[in-house]
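Turn this into a structure:
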Amino acid sequence: MKTITKLTAVVLAFLCLLTACSKPKEWTIQGSFDVSDTIQYGDTFFLRPPLDGINVYLLDMNGDIIDTAKVENEMFTMTGIAEEPQMRYLACEYCIGTVVVEAGTINVIMSDNFEATGTPNNDGISRLEGRLAELQEEGRTQILSQGMQDTPVSAQSDSVQQLMYAIYFDLMSKIAATIDSTAEAHPEDMIGVYAWSIKIGSVENAALLDTMLTQASDYVRNSELMQARRAYLENQEKDQDFDPEEFGLDPGEEGTEAAMDEDGMPGPPPGDDEGMPGPPPGDEGDMPGRYHFDEDGRPLPIR
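The predicted structure is shown next:
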């Protein structure tokens with residue numbers, strides 16, 4: 001009797017394991033909105049049309065539509081199956097953001113401060129974005145505390161400029177360290193892929209991208225996002241008759257070092273009009289991640 005009982009237990013355990021392994025990895029996106037009631041065109045403000053009835057698009061890294069949901073009661077739902085986590089874009093005519101579709105329920109807030117939480121990769125990306133936002137706010141607070149925000153650079157004394165640069169480079173150092181540590185801690189998941197997408201955000205040619213990605217894991221390097229970014233850069237180079245010498249690259253050797261300034265130092269990352277670091281990649285018109293929409297509100301693919 002004991003032998004039969006043990007055998008039965010083993011069989012049941014095997015069946016449970018088999019069932020768990022074969023269970024579809026279903027995901028659900030539950031979306032809501034936090035967008036302004038007005039839209040500004042130039043100096044004129046207009047009331048935003050109702051959200052109900054508009055479409056929200058799930059896009060792959062090339063901007064191709066995978067799924068569509070219609071907004072009802074200012075909310076939307078998408079469901080699907082992903083054998084492994086996949087990075088996607090969620091876009092509507094008012095905003096766009098990055099989401100990882102993976103097993104579980106993903107809570108999305110569509111807004112200028114797009115947020116996706118509820119699953120491991122999305123929570124990790126949200127924590128990274130939150131920390132970067134904190135660092136940028138700390139930098140702005142430091143500048144405001146010095147009363148320097150409204151003073152043109154030409155009117156600033158040498159000591160004030162030195163202080164500004166000190167604040168800026170300290171901030172950039174903290175941001176870089178945060179991104180680097182996140183990338184190093186997540187070499188085999190989408191959190192790491194996202195961190196790397198920020199690291200390579202200002203790269204403007206495929207050769208330099210390949211050089212940078214030699215430091216990344218195979219998982220990151222072969223991710224759909226990195227492949228899409230590379231294809232985008234290659235297309236841009238073809239369209240613009242890319243000259244590698246403009247980027248300090250030897251036209252005969254791919255992957256050589258980028259150009260430095262006159263002191264042999266790399267220039268600071270691009271920033272906004274206040275000299276502060278700009279937003280993560282995806283928020284500029286010429287970067288993958290920002291989409292233009294046709295007259296029917298459908299996102300146009302990346303060009």
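
Only C-alpha atoms from now on, for both contacts and neighbour counts.
Will do.

how's the chain carved up into domains?
If you go by automatic domain parsing, the domain ranges for the chain are 2-118, 121-303.

These: lowest mean pLDDT?
Here the domains of the chain differ in mean pLDDT, and the lowest is domain 121-303 at a mean of 74.

what's the span of stretch 99-109 from first residue to last?
One end of stretch 99-109 to the other measures 11 Å (Cα to Cα, to the nearest Å).

ok, residues contacting it?
For stretch 99-109, the external contacting residues (Cα atoms under 8 Å, 6 or more residues apart in numbering) are 25-34, 81-90, 114-119, 121-122, 190.

nearest residue to Y219 other than its sequence neighbours?
E188 (5.7 Å; Cα to Cα, 6 or more residues apart in numbering).

Kindly report the same for L51.
E74 (5.8 Å).

you'd agree that neighbour is up against P49?
No: counting by Cα atoms under 8 Å, P49 is not a contact partner of E74; they are 11.8 Å apart.

Of the two, which one has the most company?
Regarding E74 and P49, a neighbour count based on other Cα atoms under 10 Å identifies E74 as having more, with 15 against 10.

how much space between that one and N107?
When distances are taken as Cα to Cα, E74 and N107 turn out to be 14 Å apart.

Same check on T119?
9 Å.

show me where the stretch 151-300 of the chain has helices.
In order along the chain, the stretch 151-300 of the chain carries the following helices (DSSP state H, counting those that start in this stretch): 158-185, 190-199, 206-213, 218-221, 224-239.

quick one, which of the ones you listed is nearest to T98?
Each of those was scored for nearness to T98 using Cα to Cα, and the closest is helix 190-199 (9.0 Å).

just the angle between the closest one and helix 158-185, please?
150 degrees (axes from the mean of the first three to the mean of the last three Cα atoms, to 10 degrees).

which residues sit against helix 190-199?
Outside helix 190-199, the residues within contact range by Cα under 8 Å, 6+ apart are 85-87, 100, 121-122, 124-125, 179-180, 182-187, 220, 223, 225-226, 280-281.

Now a ChimeraX select for only the buried ones of those.
Selecting only the buried entries of those in ChimeraX, with 16 or more other Cα atoms under 10 Å as the criterion:
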select :85,86,87,100,121,122,124,125,179,180,182,183,186,187,220,223,225,226,280,281
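
tally of neighbours for S126?
S126: 19 surrounding residues under other Cα under 10 Å.

Can you tell me the element it falls in?
Counting by DSSP states H and E, the element that carries S126 is helix 120-145.

again, but for Q30
Under the criterion DSSP H and E, the helix or strand holding Q30 is strand 26-33.
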